[in-house]
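>>> the amino acid sequence is not available; the structure is as follows:
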């Protein structure tokens, strides 16, 4: 670690587990018939906790999945949680609203020539951009990357889309960009029931998470809780597989530490080790 780095700013979310290198083949981290039982059950637990958190809400539940910074696993967590809802019999649609760096179509191997951005820009109808997956999940991919994503995501057509989808589905799950990079997730929070924040162990830092929470709270967003991602289970427990956990929002002020992956100068985290 460089001598000029403030060590207090380098604390990361950790339970002492090993850090794992992310996969480039996005399809390998999506739930399927061959996924380890422990991982499937962990996502089912996330689904159950979200159901409890939203139990008092009537009608369609609209949930944004976001993170403080990129590479925290929000898209994977978003898709896999949506799949568990679909497998439980819920009518659910997943929207890729990360119009700058969309990944949902790659993870699910879907066509993305026309999608959500095309609808928002007025070049397609909503029903025409809904794709049906074999696992019972309906998906609206991002579509072409537009020049004005922030404006499209708070446009009247955005609100109209969510109202129309609420008439048909039990849940609308939205994959949104990281809060600390662009304002899209914060801006969209006024349209949804609540926000789930994905946090990556040994990666997310206190400062980044506190900044993300501050931005969401400023917009009066309802924070449903946190999904602690990329956790390596203890030796002999779940073998080599990851474990995912869901934390309720009343704990959020005390659980996490600074994220040093990206700062305002655009520096990225490489191989710094966490403080002991």
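Structure's in. What do you need? Being a predicted model, the structure only gives us computed values, none of them experimental.

>>> buried stuff in stretch 179-189?
179-182, 184-189 (16 or more other C-beta atoms under 10 Å). To be clear about C-beta, it is placed using only N, CA and C from the backbone, and glycine gets the same treatment.

>>> how about the residues you listed in TSV, adding secondary structure, pLDDT and distance to residue 92?
Shown next, in TSV, are the buried residues of stretch 179-189 (DSSP: H, G, I helix; E, B strand; the rest coil; pLDDT from 0 to 100; distance: C-beta to C-beta, whole Å):
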residue	secondary structure	pLDDT	distance to residue 92
179	coil	96	23
180	coil	94	28
181	coil	94	26
182	coil	95	25
184	helix	96	21
185	helix	97	19
186	helix	97	24
187	helix	96	23
188	helix	97	18
189	helix	97	20
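
>>> next, format the residues you listed as TSV and append distance to residue 69.
Formatted as TSV, the buried residues of stretch 179-189 follow (distance: C-beta to C-beta, whole Å):
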residue	distance to residue 69
179	8
180	6
181	7
182	11
184	14
185	12
186	14
187	18
188	18
189	18
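
>>> what is the nearest of these to residue 146?
The nearest member of these to residue 146, counting by C-beta to C-beta, is residue 184 at 11.9 Å.

>>> centre of the chain versus the lengthiest helix in the chain, how much separation?
Of all the segments of type helix in the chain, defined by DSSP state H, the longest one is helix 37-53. Put simply, helix 37-53 sits 15 Å off its chain's centre (C-alpha atoms, centre = their mean, to the nearest Å).

>>> helices and strands around the very next helix or strand once past it, which ones?
Using DSSP states H and E, the next helix or strand after helix 37-53 towards the C-terminus is strand 61-67. With contacts taken as 3 or more C-beta pairs under 8 Å, 6 or more residues apart in numbering; DSSP states H and E, strand 61-67 sits against helix 74-87, strand 171-175, helix 184-188, strand 194-200.

>>> repeat that with 6 Å
Contact partners of strand 61-67 among helices and strands, from 3 or more C-beta pairs under 6 Å, 6 or more residues apart in numbering; DSSP states H and E: helix 74-87, strand 171-175, strand 194-200.

>>> sorry, back to before: buried sites along the longest helix of the chain?
Across helix 37-53, burial judged by 16+ other C-beta under 10 Å covers 39-40, 42-44, 46-47, 49-50, 53.

>>> sketch out the low-pLDDT regions of the chain for me.
Low-confidence segments of the chain (pLDDT under 70): 1-28, 232-276.

>>> roughly how far apart are the residue lying closest to residue 175 once chain neighbours are set aside and residue 46?
Nearest non-adjacent residue to residue 175, counting by C-beta to C-beta, 6 or more residues apart in numbering: residue 78, 4.5 Å away. Distance, residue 78 to residue 46, by C-beta to C-beta, to the nearest Å: 10 Å.

>>> right, I'll leave it there.
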